[in-house]
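Generate coordinates for the sequence data below:
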Amino acid sequence: MIVEEVMKADVVSLYPTDTISKAILVMAAKKIRHIPVIDDHRHVVGLITDRDIRDATPSIFRANEHAEDLEKPISSIMRQNVIIGHPLDFVEEVAALFYEHHISCLPIVKDQVLVGILTETDLLHTLVELTGAHQPGSQIQVKVPNKSGMLCEIATIIRNHHANIQSVLVYPDKKDEQYKVLVIRVQMMNPIAVVKDLETAGHQVIWPKLPGATS
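Numbering: from 1, shown residues only. I've put the predicted structure just below:
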């Protein structure tokens, strides 16, 4: 999946000369937390967030003091050297940027022009859709050796039960690098029969545990 499939193309932006008070009004009206700052050519020159606004505005206990600060340009508080993305970037690579740089949004630029924005919320919604967590189904976790062919073996057993696989995630076993954990979401409400066949075939099912099974 690429960024242009999940980004918001109707992105709200401001200019460096716009005031902090305008940014507050725009965020409240549009119910957003991030606004890219652009120049006359729609080149991204900065970014302003609700946290920047909070840091720059007077305390509610001193709302009448230094009210003139709200009329300062957002260029005085915006973040510069903004990390940007491209519409054809892969979503998982962009998610790594969020993780590594602790950012909450990513302006999306094509030919140096702002064309969209991607936020943490967009990534969360995408993860839910990719994993099928918003659809009825069951999750099966199986610990398997880190070698080729294991997913095929597991999928064959599931297929024998005429169950549809909604999503598959793979992550390393934290206790043993020679193993991985397959997280498979299947379109069935009671996977017990599948679990029994997996265990009969010698696979180690982590979840769900059958009644009476030991950890």
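
contacts and neighbour counts: CA atoms only from here.
Noted.

Against residue 105, how distant is residue 47?
If you measure residue 47 against residue 105 using CA to CA, to the nearest Å, the figure is 9 Å.

the more surrounded of the two?
residue 47 (26 against 23; other CA atoms under 10 Å).

Surely that one is in a helix?
No: the assignment for residue 47 is strand, going by DSSP: H, G, I helix; E, B strand; the rest coil, so no helix is present there.

Name the helix or strand for the nearest residue to it once chain neighbours are set aside, please.
Leaving aside its chain neighbours, residue 47 sits nearest to residue 36 (4.4 Å; criterion: CA to CA, 6 or more residues apart in numbering). Per DSSP states H and E, residue 36 falls inside strand 34-38.

which residue ranges form the strands in this protein?
34-38, 44-49, 105-110, 113-119, 138-145, 165-172, 179-186, 204-207 (DSSP state E).

worst average pLDDT in the ones you listed?
Here the strands of the chain differ in mean pLDDT, and the lowest is strand 165-172 at a mean of 91.

Show me what that strand is packed against.
Under the contact criterion of 3 or more CA pairs under 8 Å, 6 or more residues apart in numbering; DSSP states H and E, strand 165-172 touches helix 120-131, strand 179-186.

most packed of those?
strand 179-186 (a mean of 20; mean count of other CA atoms under 10 Å).

from the chain's centre, how far out does it sit?
In terms of CA atoms, centre = their mean, to the nearest Å, the centre of strand 179-186 is found 20 Å from the chain centre.

Which strands or helices does that strand pack on?
Using 3+ CA pairs under 8 Å, 6+ apart as the contact test, the elements touching strand 179-186 are strand 138-145, strand 165-172.

Can you add mean neighbour count and give those strands back as CSV?
Output for the helices and strands packed on strand 179-186, formatted as CSV (neighbours: other CA atoms under 10 Å):
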stretch, mean neighbour count
strand 138-145, 20
strand 165-172, 15
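
Which among those is found nearest to residue 200?
Between residue 200 and the helices and strands packed on strand 179-186, the tightest spacing by CA to CA is seen for strand 138-145, at 13.0 Å.

quick one: contacts of that closest one?
Contact partners of strand 138-145, identified using CA atoms under 8 Å, 6 or more residues apart in numbering, comprise 150, 173, 178-191, 195, 203-208.

any idea which residue sits dead centre in this protein?
For the chain, the residue sitting closest to the mean C-alpha position, by CA atoms, centre = their mean, is residue 123 at 2.4 Å.

what residues are up against that one?
Taking CA under 8 Å, 6+ apart as the test, what residue 123 contacts is 6, 91, 95.

Which one (most neighbours) among those residues?
Neighbour max across the contacts of residue 123 (other CA under 10 Å) = residue 91, 21 neighbours.

what stretches of this structure score poorly on pLDDT?
For the chain, applying pLDDT under 70 flags the ranges 58-67, 211-215.
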